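1. Pasted the sequence and its predicted model underneath.
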Amino acid sequence: MIPVDLHSHTLMSQCGIHTHLEMLQAAREKGLAGLAITDHGPALKGRLPSPVFERLVQPVPGIRFIKGIEANVTDAEGTIDVPDWLLPLLDIVLLGLHVRFPLRRGSADWTDALIEAMRRNPWVDVITHPVDENFPLDLERLAKEAQGLGMAIELNNSKVLYQRTTTEEVARLLAICRDTGCKVAVCSDSHTVEEIGGDESVRPLLEASGIPGAQVVNASAGTAFAFIAARRAARLAHIRKHLGK
């Protein structure tokens with residue numbers, strides 16, 4: 001079981017089923033210390049109602065509500081779909097490839113677009129499900145870039161659980177993260193209350209990889225909350241410098 005799950009969806013995403021309160025209550029009952037609710041950005045028709053971020057504080061005692069988003073790269077220039085008004089209110093920002101768009105002339109694959117987005121938005125915290133047959137990536141280039149920017153690469157339980165990738169590909173990703181020193185975030189990518197905190201499909205792969213525990217940002221509740229606090233502080237400093245907020 002993941003002590004702090006950094007990736008989950010509610011019915012505010014097109015793919016989610018449950019409400020924020022239902023997800024948080026289920027996470028508390030499972031013994032998690034925190035749950036990041038990271039509904040999709042508007043490019044995937046995700047809804048981001050302002051009261052959730054402005055007024056909903058810690059609605060379920062005994063579980064920390066982490067406010068987040070799973071943002072989307074929307075073009076080859078590195079644009080992502082996080083509204084400016086939302087940035088100061090976020091505890092964590094995930095970023096993934098979900099939307100197909102024309103690549104730049106001469107670009108070999110999707111790696112250039114994702115890395116451009118990471119460089120243009122250095123306040124992103126975690127790169128989600130990088131092993132995806134719909135968006136083939138140069139995983140070594142990605143891991144090196146993430147390591148340099150202090151971002152984590154996601155180890156996504158859902159993709160393995162539902163056979164949307166292979167254990168061999170995930171093992172290769174983990175070996176690259178180990179060798180580059182890139183941080184790893186173990187996430188359920190839960191869309192139902194049953195999936196919250198799940199790591200049963202990837203935990204054996206992580207243990208076999210030889211990645212030290214210190215490299216896993218949510219190895220414990222303490223390391224997860226420290227990662228979130230440090231990244232949020234850096235994001236707010238970036239916002240003040242570049243957006244004047």
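-> Sure, I can see it. The structure displayed is predicted, hence computed values, not measured ones.
2. Would you mind finding the longest helix in this protein?
-> If you go by DSSP state H, the chain has its longest helix at helix 221-242.
3. got the contact list for the residue most central in space within the chain?
-> When C-alpha atoms, centre = their mean is applied to the chain, the residue found nearest the centroid is Leu94 (3.5 Å). Applying C-beta atoms under 8 Å, 6 or more residues apart in numbering, we find Leu94 in contact with 6-7, 38, 68-71, 124-128, 154. For every residue, glycine as well, the C-beta is placed using N, CA and C.
4. Counting neighbours, what do you get for Tyr162?
-> 11 (other C-beta atoms under 10 Å).
5. what sits against it?
-> If a contact means C-beta under 8 Å, 6+ apart, then Tyr162 has no contacts.
6. pLDDT on the longest helix of the chain, on average?
-> Across helix 221-242, the average pLDDT comes to 94.
7. So what's the gap between it and the chain middle?
-> Chain-centre distance of helix 221-242: 14 Å, with C-alpha atoms, centre = their mean, to the nearest Å.
8. thinking again about what came up before, out of the contacts of Leu94, the closest to Lys144 would be?
-> Checking the contacts of Leu94 against Lys144 by C-beta to C-beta gives Ile127 as the nearest, at 12.2 Å.
9. Could you pick out the longest strand of the chain?
-> Of all the segments of type strand in the chain, defined by DSSP state E, the longest one is strand 64-72.
10. now for that one, which elements pack on it?
-> strand 34-40, strand 92-96 (3 or more C-beta pairs under 8 Å, 6 or more residues apart in numbering; DSSP states H and E).
11. For this protein, give me the ranges with low pLDDT.
-> In the predicted model, the chain carries pLDDT under 70 at residues 106-108, 244-245.
12. Show me where it has its strands.
-> Here the chain has its strands, by DSSP E, at 4-5, 34-40, 64-72, 92-96, 126-127, 152-156, 183-187.
13. Partner strands of the fourth one and their direction?
-> According to DSSP bridges, strand 92-96 forms sheet pairs with strand 64-72 (parallel), strand 126-127 (parallel).
14. Would you mark the buried spots in stretch 116-126?
-> By 16 or more other C-beta atoms under 10 Å, the buried positions in stretch 116-126 come out as 116-118, 121, 123-126.
15. From the residues you listed, which land in helices?
-> When DSSP H is applied, the buried residues of stretch 116-126 are split such that 116-118 fall in helices.
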